[in-house]
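Colleague: Sequence first, then the predicted structure, then my questions.
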Amino acid sequence: MSQILIAEDELRIAAFLTKGLRAAGYAPIATADGAEAIDLALSGDVDLLILDIGLHGPDGFAVLRAIRQAGSTLPVIILTARTSVQDTVAGLDGGADDYMAKPFRFEELLARVRLRLRSETTSADATTITAGGVTLDLRTRQGVVDGRHVDLSAREFTLAETLVRNAGQVLSREQLLSRVWGYDFDPGSNVVDVYIRYLRNKLGPEHIITVRGMGYRLAAD
Ligand code: CA
């Protein structure tokens, strides 16, 4: 199981990431402190670092510099405010593998985590996922349903991917909101139901089952 270090001093975001990464099968550990992040990153027990810029103690840039100077090739994904993307990219100086602008969608971060861990291990990369007659090509972002090609918008694809990865399991509206739309969602929003309807029209209504009072699930094989 891959161990992922989260260096983030906003507790809400750290908790959101910890929960999501654990649900995705990773072993996350979180720290709000830059000095501790450096120690943990260099401990050899960590497979990937999600690094925020603003931290207690040394900031994200200092953490990145310290671990690269120590010779670590640990994959690093930087989290940065959307308004300071330019500064961040300039400040990275090639030391980070990727960055994400906040607010971000969890599934998008997860896709990058998978990609980084995969390029580390160079294992056979799965470019398609399949469940219940629905196949999604993660590279072309296209779907094939019962042998028929389906074009999906970016959001529809992410929603479909979440359902396929959790095939047969009921996902609540809240879970779908936080995984597909990110943590800045309005819990009263009906956007999930709207997108489920779009997806049903494209995939065929029998593929997505409504579980009354609980949420939705993909019909498993
Ligand atoms: Ca921060």
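Modeller: Happy to help now that I have it.

Colleague: show me where the protein has helices.
Modeller: Taking DSSP state H, the helices of the chain run over residues 11-23, 34-41, 60-69, 85-92, 106-121, 154-165, 173-176, 191-203.

Colleague: and those helices as JSON lines, adding mean pLDDT and distance to the ion?
Modeller: (C-beta placed from N, C-alpha, C; glycine too.) Output for the helices of the chain, formatted as JSON lines (pLDDT from 0 to 100; distance: least, Cβ to the ion, whole Å):
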{"stretch": "helix 11-23", "mean pLDDT": "92", "distance to the ion": "8"}
{"stretch": "helix 34-41", "mean pLDDT": "96", "distance to the ion": "10"}
{"stretch": "helix 60-69", "mean pLDDT": "91", "distance to the ion": "8"}
{"stretch": "helix 85-92", "mean pLDDT": "68", "distance to the ion": "12"}
{"stretch": "helix 106-121", "mean pLDDT": "81", "distance to the ion": "15"}
{"stretch": "helix 154-165", "mean pLDDT": "91", "distance to the ion": "25"}
{"stretch": "helix 173-176", "mean pLDDT": "87", "distance to the ion": "24"}
{"stretch": "helix 191-203", "mean pLDDT": "94", "distance to the ion": "27"}
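
Colleague: so which of those comes closest to residue 130?
Modeller: helix 154-165 (7.2 Å; Cβ to Cβ).

Colleague: Buried ones in the closest one, by neighbour count?
Modeller: 155-165 (16 or more other Cβ atoms under 10 Å).

Colleague: With stretch 191-211 instead?
Modeller: 191-192, 195-196, 199, 202-204, 207-209.

Colleague: to the chain's geometric centre, what's the distance from that stretch?
Modeller: Chain-centre distance of stretch 191-211: 22 Å, with Cα atoms, centre = their mean, to the nearest Å.

Colleague: Give me the residues contacting stretch 8-20.
Modeller: 6, 28, 30, 32-33, 50, 52, 54-56, 79, 102, 106, 109-110, 178-179, 183 (Cβ atoms under 8 Å, 6 or more residues apart in numbering).

Colleague: ugh, typo on my part, it should be stretch 196-212
Modeller: 132-134, 143, 145-146, 150-153, 156, 159-160, 163, 170, 216-219.
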